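Q: 3D, please:
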Amino acid sequence: MASQLNPAWQRKTASSDHLAKISARFLSDGPQTEQRPDSCQVIPFLLDNPSQAWIPHDLCQVLGKRGHDSLLCHLEEEDGNASPEGLSTLLDKQAKNCEFCLLPATSPETVQSYQFDHVILLVPASLDAILAAYQRIKHLSQHQAPEIGVVMVGPRDQHAAWRYFRKLAVGSLRYLDVPLLNLGFLPEQVTPEHGPSDHHRENFLARISERLISSEFHSQHRLTTVQEC
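A: Numbers count the residues shown, from 1 in each chain. Below you'll find the model as predicted:
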């Protein structure tokens, strides 16, 4: 896989060997030995639109079924008071026994304010959505760019998912120097608007969860807990 990639796919400071390791690490579905962390690991999601909220919700359930205690926490609260300090408090109170905390948001500004070092973009399979995702990546990379993973949503099949991902990945690396990591896709046949929940949808979500766990694609950022006076 790595030998087929144009040199433009790697950061200017990355070597071809390093790129090969990244490709093998993030594109493999093979099971690996799992080691439970000492604290809850956060997995931020940047949604293209609010209707995608079902994805982190269902993914949280799939992780639970596979033996990974998980919590879902929306970063953008209705009262607008969400903050890194508030999230730290929530994790201390509610996520002590959880392995993962999934954090969906729809605003790049919200995600950027938490300074996560890993972010997952949910990108619809359309040219307009690819352009919108590029602008979001540009916004996130204005300071120190996080590691960005992409899940394509609604392509016709695996080949279509790869074509859309490649368009976004090539542009992102060529013009922003930000490599993207392919974390899988959810074909249009398994989205809620095309049919009821079934085992096919869960299978695709399980594949994404395996990639997240095996690649350790979660934020290592340690949020500082607010100390009570």
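
Q: switch to C-alpha atoms for all contacts and neighbour counts from now on
A: Will do.

Q: Do me a favour and get the end-to-end distance for stretch 103-114?
A: Length of stretch 103-114, first residue to last, Cα to Cα, to the nearest Å: 11 Å.

Q: what does that stretch contact?
A: Counting by Cα atoms under 8 Å, 6 or more residues apart in numbering, the neighbours of stretch 103-114 from elsewhere in the structure are 42-50, 53, 56, 72-76, 83-84, 136, 139-140.

Q: Over to stretch 51-66?
A: 45, 47, 69-72, 102-104, 122, 202, 205-206, 209.

Q: Buried by neighbour count, from those residues: which ones?
A: The neighbour-count criterion (16 or more other Cα atoms under 10 Å) marks 45, 47, 69-72, 102-104, 122, 202, 205-206, 209 among the contacts of stretch 51-66 as buried.

Q: Work out for me the element the closest residue to Ala133 other than its chain neighbours sits within.
A: Here the nearest residue to Ala133 in space, its sequence neighbours aside, is Val123; by Cα to Cα, 6 or more residues apart in numbering that works out to 6.6 Å. Element membership for Val123, per DSSP states H and E: strand 118-124.

Q: what about that strand, distance to the chain center?
A: Relative to its parent chain, strand 118-124 has a centroid offset of 5 Å by Cα atoms, centre = their mean, to the nearest Å.

Q: What lies in contact with it?
A: 43-48, 52, 129-130, 133, 146-155, 217-220.

Q: So which of the residues you listed sit within strands?
A: Among the contacts of strand 118-124, the members falling in strands (DSSP state E) are 43-46, 147-153.

Q: a markdown table for those residues, including distance to Gly195 and pLDDT?
A: Below are the ones in strands among the contacts of strand 118-124 laid out as a markdown table (distance: Cα to Cα, whole Å; pLDDT from 0 to 100):
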| residue | distance to Gly195 | pLDDT |
| --- | --- | --- |
| Ile43 | 27 | 94 |
| Pro44 | 27 | 95 |
| Phe45 | 24 | 97 |
| Leu46 | 24 | 97 |
| Glu147 | 33 | 95 |
| Ile148 | 30 | 97 |
| Gly149 | 26 | 97 |
| Val150 | 23 | 98 |
| Val151 | 20 | 98 |
| Met152 | 18 | 98 |
| Val153 | 15 | 98 |
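
Q: Quick check: the farthest pair among the residues you listed?
A: Farthest-apart pair in these is Glu147 and Val153; separation 19.4 Å (Cα to Cα).

Q: Between those two, tell me which one has more neighbours.
A: Between Glu147 and Val153, Val153 has the larger neighbour count (other Cα atoms under 10 Å), namely 22 against 18.

Q: quick one, what contacts that one?
A: 122-125, 185-188.

Q: Identify each buried residue in the lengthiest helix in the chain, please.
A: Longest among the helix segments of the chain by residue count, using DSSP state H, is helix 158-176. By 16+ other Cα under 10 Å, the buried positions in helix 158-176 come out as 160-162, 164-165, 168-174, 176.

Q: and if you look at stretch 44-62?
A: 44-48, 52-53, 55-62.

Q: Looking at the residues you listed, which are in helices?
A: Members of these lying in helices (criterion: DSSP H): 55-62.
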